[in-house]
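In: when you get a sec, could you give me coordinates for this:
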Amino acid sequence: INNEISLKEGQAVKAPEVKKERKVVKKLYPNSALFTSWGDELSEEEQKEAERLFQMYGYNAFLSDRLPLNREIPDTRDPKCANHQYPHDLPTISVVLIYLDEALSIIKRAVRSIIDKTPQRLLKDIILVDDHSSNEDLKEKLDAYIIFIHEERPGLVKRVRHLEQLGLTQARLSGWREAEGDVVAILDAHIEVHVEWAEPLLARIKEDRTLVLSPVFDKVHFDDLRVTRYLPSADAFDWALWCMYESFRPEWYDLKDESQPGKSPSIMGILVVERLFFGEIGALDGGMKIYGGENVELGIRVWLCGGSVEVIPCSKIAHIERAHKPYLPDLSITMKRNALRVAEVWMDEYKHNVNVAWNLPLKDHGIDIGDVSERKKLRKSLNCKPFQWYLDNVYPMLDPLGDLLGYGALVNDLKPDLCIDQGPVPGNTPILYGCHYFGSQNCYYRASGEIYIGGIKSHKYNSNRCLMDIGTQTPGLYECKEAKQKGFHMLWEFQQGKAIQNRQTKRCLEIALGEDTYYQLIIQECSGQHWKIRNVIKDF
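Out: Sure, this is the predicted structure:
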């Protein structure tokens with residue numbers, strides 16, 4: 001018998017499986033966020049290089065350098081978007097990309113995606129604004145890439161280089177001034193645009209030139225650069241002027257069509273606007289420093305001065321969410337200053353809410369917000385509405401905190417070096433602790449009688465934590481909404497420099513020496529102890 005196996009013509013022979021010994025590579029950076037779910041196969045040298053670049057940029061530049069510039073990203077739009085028809089005679093668009101020491105491959109990929117996914121007849125120019133980068137890659141190598149682009153599209157890409165770091169606001173203004181398109185889109189450079197990203201924006205501005213628009217971001221993960229879909233939502237903020245996502249108004253959800261534009265209180269930092277209208281309403285506040293607040297200022301100003309802000313769900317942009325911002329580790333310093341500046345110009349009788357949010361005194365806070373006289377003149381010349389109109393009509397979910405009487409550290413005259421503190425979290429027992437005046441010791445007294453400890457929420461739908469008499473010797477600290485439903489004793493009579501007395505039980509919040517010789521926070525029959533809250537808004 002012939003031992004050879006006869007095969008039918010074309011039949012494949014399956015090779016015997018050979019188990020490869022996988023070389024175990026030592027993980028050099030087990031605690032690095034970069035390597036949590038990526039990079040198992042990297043050699044030690046590659047790990048070192050990847051981590052070095054990660055610390056430099058806050059995202060995986062090592063991987064970016066190895067991905068195609070024209071990589072495919074998933075189409076995350078609502079299916080209805082693909083069926084939308086747009087006019088042929090749309091306005092032209094200039095795309096401004098802002099950067100400071102960005103990875104070269106990231107910028108090149110952003111440029112490539114804009115060229116590939118924007119119709120040639122609509123794309124007027126791409127303006128690269130370098131806010132004084134020190135990265136050598138962004139000089140000759142980037143110039144070489146632009147020369148390569150210009151072989152395909154002569155004169156398409158322009159460069160603006162700042163001779164010193166001027167910050168985000170000035171960089172955006174530099175790009176806008178250089179733009180020649182009817183519409184200008186001001187974007188971060190660590191983005192990739194999706195298919196048909198520009199047409200829905202341009203069509204909407206063609207309908208109404210007083211609109212400021214935002215695409216919907218998708219998340220590009222900082223480690224493996226995969227794209228995750230974000231649902232459309234409004235761009236909003238709290239009283240500290242930190243950006244946040246917010247639900248659209250109920251009428252948007254009533255449409256049951258996620259491809260429709262939604263009204264938004266603010267923008268998140270990527271903006272699209274008719275170029276000339278942007279100038280007419282005062283562009284951006286050039287007095288803003290480095291980072292933060294400028295987008296909220298624009299949103300408020302547009303609404304108050306005759307325009308409106310919308311999010312356009314059919315326009316999608318994939319945006320890298322960095323693990324850290326290398327160029328400015330502590331954003332709160334400039335954010336605080338810029339927020340106070342916005343409040344002074346636009347927020348009228350509600351401007352002190354920004355001080356409350358940052359736990360700053362109403363006067364003599366020592367922060368120089370710069371000269372705002374020109375911005376106040378602009379507000380007057382544009383005949384803008386009062387901030388109350390904005391709260392009533394645009395952002396009714398922002399709590400005006402109208403009955404807030406005092407805020408800050410709450411101290412007893414007997415031991416002024418000890419402050420009320422929210423205590424361990426999770427937990428429901430406030431304590432006395434050495435005063436440090438940070439978050440856990442921020443207290444708030446409202447005319448309603450509620451005392452919050454450990455922070456105050458900016459929005460009506462959120463619940464604060466209320467001090468209450470729970471019937472024992474120690475006070476409790478519970479969610480106010482929950483406490484109200486359960487009928488807890490949570491309302492207090494308090495006058496500055498006098499007792500804090502529960503309105504229902506008539507017992508007082510006091511301090512006493514415990515068995516361990518430390519002072520403790522207690523509730524007992526009133527003995528005449530007095531309290532003071534650090535900042536008073538209205539005399540009480």
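In: from here on, contacts and neighbour counts on C-alpha atoms
Out: Will do.
In: how many neighbours does residue 414 have?
Out: 13 (other C-alpha atoms under 10 Å).
In: ok, it - contacts?
Out: Neighbouring residues of residue 414 by C-alpha atoms under 8 Å, 6 or more residues apart in numbering: 529-530.
In: which stretch of helix or strand covers it?
Out: Using DSSP states H and E, residue 414 maps to neither a helix nor a strand.
In: not counting sequence-adjacent ones, nearest residue to the residue most central in space within the chain?
Out: Per C-alpha atoms, centre = their mean, the C-alpha nearest to the average position across the chain is that of residue 243, at 3.4 Å. Distances taken as C-alpha to C-alpha, 6 or more residues apart in numbering place residue 237 nearest to residue 243, at 4.4 Å, with adjacent residues excluded.
In: coming back round to it: how close does the residue nearest to the centre of the chain get to residue 69?
Out: Distance of residue 243 to residue 69, given as C-alpha to C-alpha, to the nearest Å: 30 Å.
In: tell me what the helix or strand hosting residue 408 is packed against?
Out: Using DSSP H and E, residue 408 sits in strand 404-412. Strand 404-412 makes packing contacts with strand 418-421, strand 443-446, strand 531-536 when contacts are defined by 3 or more C-alpha pairs under 8 Å, 6 or more residues apart in numbering; DSSP states H and E.
In: who touches that strand?
Out: 356, 359, 417-420, 435, 437, 441-447, 510-511, 529-540.
In: tell me the buried residues within those residues.
Out: 356, 359, 418-420, 435, 437, 441-447, 510-511, 529-536 (16 or more other C-alpha atoms under 10 Å).
In: so what's the closest residue to residue 38 other than its chain neighbours up against?
Out: Using C-alpha to C-alpha, 6+ apart and skipping the chain neighbours, the partner closest in space to residue 38 is residue 224 (6.2 Å). Applying C-alpha under 8 Å, 6+ apart, we find residue 224 in contact with 37-38, 60, 63.
In: got a markdown table for the residues you listed, with pLDDT and secondary structure too?
Out: Formatted as a markdown table, the contacts of residue 224 follow (pLDDT from 0 to 100; DSSP: H, G, I helix; E, B strand; the rest coil):
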| residue | pLDDT | secondary structure |
| --- | --- | --- |
| 37 | 93 | coil |
| 38 | 96 | coil |
| 60 | 98 | coil |
| 63 | 98 | helix |
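In: by neighbours, which of the residues you listed wins?
Out: residue 60 (28 neighbours).
In: that one and residue 52 touch, don't they?
Out: No. The pair formed by residue 60 and residue 52 falls short of the contact definition of C-alpha atoms under 8 Å, at 9.8 Å.
In: paired strands for the longest strand along the chain, with orientation please.
Out: What stands out as the longest strand in the chain, according to DSSP state E, is strand 308-320. Applying DSSP bridges, strand 308-320 is found paired with strand 191-193 (antiparallel), strand 211-220 (parallel), strand 262-263 (antiparallel).
In: mean pLDDT for these - can I get that in JSON lines?
Out: Output for those, formatted as JSON lines (pLDDT from 0 to 100):
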{"stretch": "strand 191-193", "mean pLDDT": "98"}
{"stretch": "strand 211-220", "mean pLDDT": "98"}
{"stretch": "strand 262-263", "mean pLDDT": "98"}
